[in-house]
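Trainee: Provide a 3D model corresponding to the input given below.
(one chain, ligands or ions: 2)
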Amino acid sequence: MDQKKLSTINITKVYRRLVIDHCYLCHAKSDTTLCAFCEAGFAVNQFACLLCKRPTYSELQFICGQCQAMPPPYDVCIAPLRFESLTKSLIHSIKFHQQADYIRPLIELLSRKLIEHYQHIEDWPTQLIFVPSHPKRIKERGFCQTQLMASELYKILRQKLGNRTPSFVKQSVIKKTINTQAQHTLSRKQRLENHKGVYQVEGIMDSHIALFDDVMTSGNTLETCTKQLKKAGATQVDIWVIARTPDKTG
Ligand SMILES: [Zn+2]
Ligand SMILES: [Zn+2]
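Mentor: Ligands and ions are numbered 1, 2, ... in the order given. I've put the predicted structure just below:
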C-alpha cells in the first residue's frame, strides 16, 4: 500500500477515535459510539442462568443444570451479549482481519452493563486482568485481542468511574504456557483435559479481581483461570466477558 494512502487511513482512524461524531460501525452521524440502528442489531443476553450467564430462552430466572450440579468457582459473571449475529462477526473481524475499530463499540456495551451491575452494590474489583492468547497466536496475528480489549475497557471505565476504576497493566499475570488445539474442534471431555496446566498465575495481585475475556463458550478457560487466581490468593473473582455462546440445543 502506498504511504500517502496509508497515512490518510491512519489520520481518519485517529480522528474518529478522538472525536465521536460518527457511529463506529456504519459511520452515520452520531454523537455516541453506536447509532440507535446499529445498537438494535446486537443480540442482548437478556435471559440467562443467574450464575454462569448461559443463555436461555425462558423468561423465568433460574440456575442452569450444570451450575446446580456444580456451582462455578467465580463469584460474579457479567456477559451482556450473546455470541451470535453482529457480535460474532465483529469479534471475528477483530481477530482475523485486524479491524480494531470494532473493539470500541463492543467494549462500550460491556462497560454500560458493568456500571448497571455495580452502581448499587459499589463493590468494584480493584484489579483488571485478562485471559491472554497463546504467544504463538499473538505472533501469528501480531497482537493479542484480549489485551487490546482490556486496555480499551480500562480507558472507558477511567472516563466513567475515575479513581474507582480497577487497576490495569498490559502484561497479564496469567500466562498461557502450552499451545492448545482450537477449542471448538474438541469434545467437552477433551476440552477439560486440554486445559490442565495450560494457565499459570505469575506476579502480585489484589484480592478482588475482574477477569476479562472476549467470549465465554463452555466456560472451562475462565473456570480454570479463576481456580488458579484463587489458589494464588484472590478471594473474589468476577468474570467480565463481552458475549456468551448459546448452547447448540438452546
Ligand atoms: Zn450505526
Ligand atoms: Zn449456569
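
Trainee: And the one helix or strand residue 239 maps to, what does it pack against?
Mentor: Using DSSP states H and E, residue 239 sits in strand 236-244. Other elements packing on strand 236-244 under the criterion 3 or more CB pairs under 8 Å, 6 or more residues apart in numbering; DSSP states H and E are strand 76-78, strand 81-82, helix 85-97, helix 103-121, strand 208-216, helix 220-231. All C-beta spots, glycine's among them, are computed from the backbone N, C-alpha and C.

Trainee: could you measure the residue nearest to the spatial centre of the chain against residue 126, distance?
Mentor: Nearest to the mean C-alpha position of the chain, by CA atoms, centre = their mean, lies residue 214 at 2.8 Å. Separation of residue 214 from residue 126 (CB to CB, to the nearest Å) stands at 22 Å.

Trainee: again with residue 156
Mentor: Look at residue 156 and residue 126: by CB to CB, they are 18 Å apart.

Trainee: Check residue 39 too.
Mentor: Where residue 126 is concerned, residue 39 sits at a distance of 31 Å (CB to CB).

Trainee: Just the pLDDT at the residue nearest to residue 158 when sequence neighbours are not counted, thanks.
Mentor: Among residues not flanking residue 158 along the chain, residue 165 sits closest, at 4.9 Å (CB to CB, 6 or more residues apart in numbering). With respect to pLDDT, residue 165 has a value of 94.

Trainee: Next, the contact list for the closest residue to residue 95 other than its chain neighbours, please.
Mentor: Distances taken as CB to CB, 6+ apart put residue 145 closest to residue 95, at 5.5 Å, once the chain neighbours are dropped. Residue 145 sits next to 94, 95, 103, 133, 214 when contact means CB atoms under 8 Å, 6 or more residues apart in numbering.
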